[in-house]
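**Q** Dropping the sequence and predicted coords here.
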Amino acid sequence: MTENNIQKYDAIIIGTGQGGYPLAKDLPAAGWKTAVIEKGAIGGTCVNTGCTPTKTMVASARVAHLASRGPEYGVNIGPVTIDLKKVRERKRDIVDDFSGGSERRLESIEGLDVIRGEGRFIGPQTIEVALNDGGTLQLESEKIFINTGTRSFTPPIEGLDSVPYLDNASIMELGEVPKHLIVLGGGYIGLEFGQMFRRFGSDVTVVQRGAQLTREDPDVADEIKNILEEEGMNILLNSEAVKVQQNDDKIELILKTSDGEKIVTGSHLLVAVGRTPNTDMLNLESAGVEVNQRGHIPVNDKLETNVPGIYVIGDAKGGPAFTHISYDDYRVIKKNLVDGGDVSIKDRLVPYAMFIDPQLGRVGLSESEARAQGKNILVAKIPMTYVARALEMDETRGFMKAVIDADTNQILGCAVLGIEGGEIMSVLQMAMIGNVPYTVIRDSAFAHPTLSESLNNLFMSLDW
């Protein structure tokens, strides 16, 4: 403690998401006196309101779906009913286990102070923390790491503030299955929840402002739409929400469409039109840190802001908003500042998966992106009906597609929309990391019958 009551540290971390949490473990281990500031639950969005809880509930929805398909496999189970409170309880238990375990580990680290409160800059090297239990602290360091993540974006729609709408966190706390869930937004969050609650028994209407679902290639987006409609979801494209109103116990969403005004009526409304960064409470102007119009903090290839010594990890910097990218940001920080390395985020592969069922796994360039860049490409594509293992499992929806550099035979990217699409995508990602040409995969032996074995057929399709 200094004379003016400012506590000095070698490092201050704001937020305990998937980048901040491991950094808070490694910096003290390297001898850095470190403070980590967290206002909410340890673990950030992923553990508490993102990946962990949603995929827990997605698993419950898949069990319900498979149970309903029992007769197709010669298994007669009877009517499927959903105990959403039990689903919620299972989700809460797993989240509490993950978050609680992380908190206990942080609290036990020597050389680390875990400070519960909300931090804000009052200078380029000084953070003031409004403590959760009252009072304030002032901390100082030459190295400050921002890992504050994002929150659900609330669009400026007339009447929205007067209806009890749901976001990605509150929808997981429902105790009963909605009769009719309206999903505003046809991105990953909206589609995962939409299919989930359709499988739980809700009528579901997805309202998408654009001409297709997601930002994938048109053939991928079209197939996703076909799959979801096959399960009974109603998909409205080119539909802009202009007003929301309550009518007794119903919610009415007024849309502007190419065919004029349309009203969709439901029991519940999920707003899933994007995320906004949690940077507005950081008082960044007092530190001289630049922020763009969307609230993201620009960084260089080493994740440093325009102010030396201030770094950003994860979603707050913009760009790909994925947990694994936040963790890779941590890896870059640790390699450079602790291990004496010289690595960057430039040109790194960005894999991701959408956990609808079947999954979409994606990495590298899409076909549209490759063509827009003027690349000379080959496109290998097969339906999942060509995959023996998928046929045996009766999981034949979707397709596989790989984009190849025609001059080098290197794989530029892929989209795998099919059973365990994320896992199959990862095999191709490994090939991309190792600069393995597609011909090597085409001519290699894979265990039979596996899903990855189908990569033989995928690349042999170029010779058909």
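**A** That came through fine.
**Q** only C-alpha atoms for contact and neighbour calcs from this point on.
**A** Fine.
**Q** Confirm that Asp97 sits in a strand.
**A** No - read with DSSP: H, G, I helix; E, B strand; the rest coil, Asp97 is helix and lies in no strand.
**Q** residues touching Val177, list them.
**A** Ile82, Leu84, Phe197, Phe200, Gly201, Ser202 (CA atoms under 8 Å, 6 or more residues apart in numbering).
**Q** quick one: the residue most central in space within the chain and Met196, what's the gap?
**A** For the chain, Phe322 is the residue whose C-alpha lies nearest the centre (CA atoms, centre = their mean; 4.7 Å). Distance from Phe322 to Met196, counting by CA to CA, to the nearest Å: 20 Å.
**Q** cool, Phe446 as well?
**A** Distance of Phe446 to Met196, given as CA to CA: 33 Å.
**Q** and those two? which has more neighbours close in?
**A** Under the criterion of other CA atoms under 10 Å, the comparison of Phe446 against Met196 puts Met196 first, with 26 against 15.
**Q** how many other residues sit next to the closest residue to the more buried one other than its chain neighbours?
**A** Leaving aside its chain neighbours, Met196 sits nearest to Ala61 (5.4 Å; criterion: CA to CA, 6 or more residues apart in numbering). Applying other CA under 10 Å, we find 23 residues neighbouring Ala61.
**Q** Does Ala61 belong to a helix, a strand or coil?
**A** Classified using three-state DSSP, Ala61 is helix.
**Q** who's in contact with it?
**A** Listed by CA under 8 Å, 6+ apart, the contact partners of Ala61 are Met196, Phe197, Arg199, Phe200.
**Q** hmm, back to that, go ahead and build a ChimeraX selection from the buried members of the contacts of Val177.
**A** To isolate the buried ones among these in ChimeraX, judged by 16 or more other CA atoms under 10 Å, type:
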select :84,197,200,201,202
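**Q** so of the contacts of Ala61, which ones are in helices?
**A** Per DSSP state H, helices hold the following members of the contacts of Ala61: Met196, Phe197, Arg199, Phe200.
**Q** Could you list the domains of the chain?
**A** Residue ranges for the domains of the chain, per automatic domain parsing: 6-52+87-151+276-337, 160-273, 358-463.
**Q** Ends of the shortest one, what's the gap?
**A** Using CA to CA, the end-to-end distance of domain 358-463 comes out at 27 Å.
**Q** swap in the longest one?
**A** Taking CA to CA, the first and last residues of domain 6-52+87-151+276-337 lie 24 Å apart.
**Q** picking that back up, is it possible to get CSV of the domains of the chain that adds distance to Val350 and mean pLDDT?
**A** Output for those, formatted as CSV (distance: least, CA to CA, whole Å; pLDDT from 0 to 100):
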stretch, distance to Val350, mean pLDDT
domain 6-52+87-151+276-337, 7, 97
domain 160-273, 14, 97
domain 358-463, 6, 98
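**Q** Now render the ones you listed as TSV, adding distance to Pro351.
**A** Below are these laid out as TSV (distance: least, CA to CA, whole Å):
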stretch	distance to Pro351
domain 6-52+87-151+276-337	9
domain 160-273	13
domain 358-463	4
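**Q** closest one to Ser68 among these?
**A** Of all these, domain 160-273 sits nearest to Ser68, with 9.1 Å by CA to CA.
**Q** how distant is the closest one from the center of its chain?
**A** On the basis of CA atoms, centre = their mean, to the nearest Å, domain 160-273 sits 18 Å off its chain's mean C-alpha point.
**Q** gap between the two ends of that domain?
**A** 13 Å.
**Q** Stretch 169-189 now?
**A** Using CA to CA, the two ends of stretch 169-189 sit 11 Å apart.
**Q** Verify the stated contact: Arg302 with Ser344.
**A** For residue 302 the amino acid is Lys, not Arg. Yes - checked against CA atoms under 8 Å, the pair Lys302 and Ser344 is within contact range at 5.1 Å.
**Q** so what sits against both of those two?
**A** Shared contacts of Lys302 and Ser344 (CA under 8 Å, 6+ apart): Val332.
**Q** Nearest residue to Val80 in space, please, no chain neighbours.
**A** Leaving out its chain neighbours, the residue that sits closest to Val80 by CA to CA, 6+ apart is Ser68, at 6.3 Å.
**Q** burial count for that neighbour?
**A** Neighbour count for Ser68, taken as other CA under 10 Å: 18.
**Q** which residues of the stretch 151-300 of the chain fall in helices?
**A** Assignment of helices within the stretch 151-300 of the chain using DSSP state H, counting those that start in this stretch yields the ranges 188-200, 218-230.
**Q** Next up, the contacts around Leu451.
**A** For Leu451, the contact set (CA under 8 Å, 6+ apart) comprises Val387, Ala388, Arg389, Ala390, Ile424.
**Q** Show me which pair in those is furthest apart.
**A** Across the contacts of Leu451, the longest distance by CA to CA is 14.2 Å; it joins Ala388 and Ile424.
**Q** before we move on, the earlier item: pick the one among the contacts of Ala61 closest to Thr265.
**A** Among the contacts of Ala61, Phe197 lies closest to Thr265 (CA to CA), at 16.6 Å.
**Q** Distance check, that closest one against Phe459.
**A** Look at Phe197 and Phe459: by CA to CA, they are 37 Å apart.
**Q** what's the strand or helix carrying Val440 packed up against?
**A** Using DSSP states H and E, the element containing Val440 is helix 438-442. Helix 438-442 is packed against helix 454-460, with contacts defined by 3 or more CA pairs under 8 Å, 6 or more residues apart in numbering; DSSP states H and E.
**Q** and Asn435, that one's in a strand?
**A** No - going by three-state DSSP, the assignment for Asn435 is coil, not a strand.
**Q** Excluding chain neighbours, what is closest to it?
**A** Spatially, and ignoring its direct neighbours in sequence, Asn435 is nearest to Gln410 (6.6 Å; CA to CA, 6+ apart).
**Q** quick one, what contacts that neighbour?
**A** Neighbours of Gln410 in contact, by CA under 8 Å, 6+ apart: Ile404, Met432, Asn435, Val436, Pro437, Tyr438.
**Q** what does Val307 give?
**A** Val307 makes contacts with Pro124, Ala287, Gly288, Val289, as judged by CA under 8 Å, 6+ apart.
**Q** Out of those, which is nearest to Gly149?
**A** Nearest to Gly149 among the contacts of Val307 is Val289, at 16.5 Å by CA to CA.
**Q** Give me the more crowded residue out of Ala388 and Ile424.
**A** Counting neighbours by other CA under 10 Å for Ala388 and for Ile424 shows that Ile424 has the greater number, 25 against 17.
**Q** Quick one: list the elements packing against the host helix or strand of the more buried one.
**A** Assigned by DSSP H and E, Ile424 falls within helix 421-433. Applying 3+ CA pairs under 8 Å, 6+ apart, we find helix 421-433 packed against strand 352-354, strand 359-364, strand 411-418.
**Q** List the neighbours of the second one that are in contact with it.
**A** Applying CA under 8 Å, 6+ apart, the set of residues contacting strand 359-364 from outside is 349-354, 412-426, 429.
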